[in-house]
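> coords please:
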Amino acid sequence: MLIRVYGAAIFGVSAKTITIEVNVDTGIGYHLVGLPDNAIKESNFRISTALLNTGFKIPGKKITINMAPADLHKEGSSYDLSIAMGILAASQQIQSEGISDYLIMGELSLDGSIRPIKGVLPIAVQAREEGFKGFILPKQNAKEAAIVTGLEVLGVENISEVIDFFNGDEIIEATRVDLHKEFYDQLNSFPFDFADVKGQENVKRALEIAAAGGHNIILIGPPGSGKTMLAKRIPSILPPLSLEEALETTKIHSVAGKLGENSSLMTVRPYSSPHHTISDVGLVGGGSFPQPGEISLAHNGVLFLDELPEFKRTVLEVMRQPLEDREITISRAKFTVTYPSSFMLVASMNPSPSGYFPDDPNNTSSLQEMQRYMNKISGPLIDRIDLHIEVNPVPFDDLSAERNGEKSIEIRKRVEAARNIQTNRYKDLPKIHYNAQMGPKELDAYCQLDETGKSLIKTAMERLNLSARAYDRILRVARTIADLEGSEALKSYHISEAIQYRSLDREGWGL
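Down below sits the predicted model:
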């Protein structure tokens with residue numbers, strides 16, 4: 001008897017429906033075809049033991065299983081449940097009526113319990129689009145799938161529940177999630193706040209500008225000056241995720257298996273901080289069967305690279321294209337996947353190998369050593385960072401002061417106001433949402449300079465030997481400063497402040 005059961009495969013951040021055809025006929029043998037990987041090939045051992053421990057068995061007949069389309073590579077153990085249900089239905093051990101109305105996924109344990117899987121959200125979206133009645137999956141993943149409306153999500157803990165459901169002996173209660181309540185209840189939950197930061201007013205101003213315009217920023221300062229502490233608080237001043245952004249971000253983390261059990265929707269902007277020993281593939285994604293890297297996990301959030309010169313140069317260079325295009329394309333012989341990677345890059349570094357500024361009496365590095373250290377970062381990468389900020393140690397008087405700094409919520413209000421101006425400005429441009437994304441046409445249209453501004457930026461370019469890309473960055477930052485002030489026109493002091501945030505372009509830094 002031939003039975004069709006449906007599962008799904010993940011490609012990038014999307015899913016594709018897989019038809020699992022199971023035929024049980026006279027003869028002997030177990031044949032699994034359709035480009036399965038080793039985890040799927042081993043499924044017969046898990047399935048046979050799980051069925052045996054729940055009172056069923058794999059029939060002693062010829063079983064042929066085809067995973068269509070047959071030219072598409074399938075991987076992972078999440079097809080265990082769908083293959084098992086196909087075998088039971090094809091061997092008439094359970095009723096097969098209605099089995100094709102559901103998309104079925106789950107990994108089986110030897111006792112018949114069902115373990116969680118990855119990529120549930122894009123699979124649920126695909127199931128709804130394909131018109132399936134429901135989605136049967138591990139109970140730990142049910143809340144994640146239930147944020148997709150118009151789909152019956154049935155979370156199960158054991159294969160026995162699924163068997164009883166199709167036999168009509170048990171009703172599985174559908175999992176439901178109040179999407180808007182889930183989203184808005186967690187929207188302002190942050191573990192770190194700028195109120196905890198003493199002093200560093202100039203750095204906080206620069207971070208506010210970076211958050212308002214989505215600009216990349218690098219913090220340069222000696223150990224203990226507060227670079228990492230400041231970076232951890234950036235998500236608390238970024239505008240809240242929109243529902244669309246939250247769904248997109250959740251999809252990526254779901255595919256990567258980074259969502260916790262019984263999680264549903266990501267409501268806070270992600271903050272990713274990989275160690276400097278990370279590989280190229282770990283950062284941008286890839287592998288034989290591509291997985292999203294850290295830059296995609298930071299999509300719609302912050303990617304923090306601490307001690308930037310300690311990262312391998314090749315690792316940093318592969319970021320250049322994603323920083324411009326805000327997506328990463330990974331090509332393989334038979335397919336290509338694209339992961340979104342629109343993140344705010346925040347980097348930190350010491351000014352020299354010893355960690356101290358050249359004019360510090362404790363500095364043990366020569367000028368040549370300092371320049372060699374700074375040259376670990378290429379000029380083209382630095383060009384793609386809009387703001388370069390020097391972070392000085394906090395004076396004792398500021399550290400011992402009882403007064404707390406300004407709260408993140410107050411800074412966030414100003415950032416949101418500036419972002420609202422940008423949203424309105426770029427409403428007719430689908431690929432541009434904030435100032436850091438402006439291209440040449442937008443710079444010409446929205447960054448008109450008066451004679452004083454032109455003179456200022458001309459002098460800066462000649463003295464600092466700035467590139468054309470650095471010139472564009474200055475204009476973008478100046479536009480954000482003007483938006484924070486609510487000014488339609490770019491004024492000379494906006495340009496002047498933006499030029500101050502190009503520390504690494506100044507003579508003596510070795511770049």
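> centre of the chain versus stretch 298-317, how much separation?
Distance, stretch centre to chain centre, for stretch 298-317: 14 Å (Cα atoms, centre = their mean, to the nearest Å).
> what do you get for stretch 191-210?
Counting by Cα atoms, centre = their mean, stretch 191-210 comes out at 24 Å from the chain centroid.
> Which elements pack onto the helix or strand that residue 205 is a member of?
Secondary structure assignment for residue 205, by DSSP states H and E: helix 201-213. Where contact means 3 or more Cβ pairs under 8 Å, 6 or more residues apart in numbering; DSSP states H and E, helix 201-213 is packed against strand 217-220, helix 227-232, strand 344-349, strand 387-390, helix 408-425, helix 468-485. All C-beta spots, glycine's among them, are computed from the backbone N, C-alpha and C.
> how about the ones you listed, which one is nearest residue 376?
Each of those was scored for nearness to residue 376 using Cβ to Cβ, and the closest is strand 344-349 (9.1 Å).
> Within the sheet, what are the partner strands of the closest one, with directions?
strand 217-220 (parallel), strand 302-305 (parallel) (DSSP bridges).
> Tell me where the model's unsure across the stretch 101-250 of the chain.
Scanning the stretch 101-250 of the chain for pLDDT under 70 picks out 185-189.
> Please enumerate the helices of it.
120-129, 142-145, 159-167, 179-185, 201-213, 227-232, 243-255 (DSSP state H, counting those that start in this stretch).
> List the contacts of the fourth one.
Meaning helix 179-185. Here helix 179-185 makes contact (Cβ atoms under 8 Å, 6 or more residues apart in numbering) with 147, 149, 243, 246, 264-265, 267.
> Same check on the second one?
Judged by Cβ under 8 Å, 6+ apart, the contacts made with helix 142-145 from elsewhere in the structure are 120-121, 123-124, 135, 137, 151, 153-155, 175, 177, 250, 254, 259, 262-264.
> ditto for stretch 385-392
Contacts of stretch 385-392 (Cβ under 8 Å, 6+ apart): 200, 202-203, 206, 209-210, 213, 215-221, 225-227, 230, 345, 347-348, 382, 436, 473, 476-477, 501-505.
> mind saving the C-alpha coords of that stretch as CSV?
The C-alpha coordinates for stretch 385-392 follow below in CSV (Å, rounded to 0.1, in the frame of the first residue of the first chain):
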residue,chain,number,x,y,z
ILE,A,385,32.7,52.1,10.0
ASP,A,386,31.0,55.4,10.3
LEU,A,387,32.1,56.5,13.8
HIS,A,388,35.5,56.1,15.4
ILE,A,389,35.4,57.1,19.1
GLU,A,390,38.2,57.4,21.6
VAL,A,391,37.2,56.1,25.1
ASN,A,392,39.3,57.5,27.9
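> that older thread, which one of the helices and strands packed on helix 201-213 lies closest to residue 23?
strand 344-349 (52.7 Å).
> Can I get the next helix or strand after the closest one as CSV, trimmed to CA atoms?
Next along the chain after strand 344-349, taking DSSP H and E as the criterion, comes helix 367-374. Presented in CSV, the C-alpha positions along helix 367-374 are these (Å, rounded to 0.1, in the frame of the first residue of the first chain):
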residue,chain,number,x,y,z
LEU,A,367,55.2,54.0,17.8
GLN,A,368,56.2,51.4,15.2
GLU,A,369,54.6,48.5,17.3
MET,A,370,51.5,50.6,17.7
GLN,A,371,51.2,51.2,14.0
ARG,A,372,51.8,47.6,13.2
TYR,A,373,49.0,46.7,15.7
MET,A,374,46.6,49.2,14.1
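> buried residues in helix 367-374?
370-371, 373-374 (16 or more other Cβ atoms under 10 Å).
> so how far is residue 368 from the nearest residue to residue 373 once chain neighbours are set aside?
Of all residues not flanking residue 373 in the chain, residue 353 sits nearest, at 5.0 Å (Cβ to Cβ, 6 or more residues apart in numbering). Going from residue 353 to residue 368 by Cβ to Cβ, to the nearest Å gives 11 Å.
> same check, this time on residue 24
Residue 24 sits 76 Å away from residue 368, going by Cβ to Cβ.
> If any of the contacts of helix 142-145 are buried, put those into a PyMOL selection.
Of these, the buried ones go into a single PyMOL selection, burial set by 16+ other Cβ under 10 Å:
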select buried, resi 120+121+123+124+135+137+151+153+154+155+175+177+250+254+259+263+264
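> Quick check: end-to-end length of stretch 418-434?
9 Å (Cα to Cα, to the nearest Å).
> Can you check which strand is longest in this protein?
strand 14-25 (DSSP state E).
> From the contacts of helix 179-185, pick the one nearest residue 466.
Among the contacts of helix 179-185, and counting by Cβ to Cβ, the member closest to residue 466 is residue 246, at 38.0 Å.
> Let me know the pLDDT of the nearest residue to residue 422 once chain neighbours are set aside.
Take residue 422 and drop its neighbours on the chain: the residue closest to it by Cβ to Cβ, 6+ apart is residue 434, 4.8 Å away. Listed pLDDT for residue 434 reads 90.
> Run through the residues that contact residue 434.
Neighbours of residue 434 in contact, by Cβ under 8 Å, 6+ apart: 212-214, 419, 422-423, 426.
> let's see 7 Å
Contact analysis of residue 434 by Cβ atoms under 7 Å, 6 or more residues apart in numbering lists 213-214, 419, 422.
> Let's see if you can find the most crowded of those residues.
residue 213 (27 neighbours; other Cβ atoms under 10 Å).
> ok, now how distant is the residue most central in space within the chain from residue 10?
In the chain, the C-alpha nearest the mean C-alpha coordinate belongs to residue 297, at 2.3 Å (Cα atoms, centre = their mean). Distance from residue 297 to residue 10, counting by Cβ to Cβ: 15 Å.
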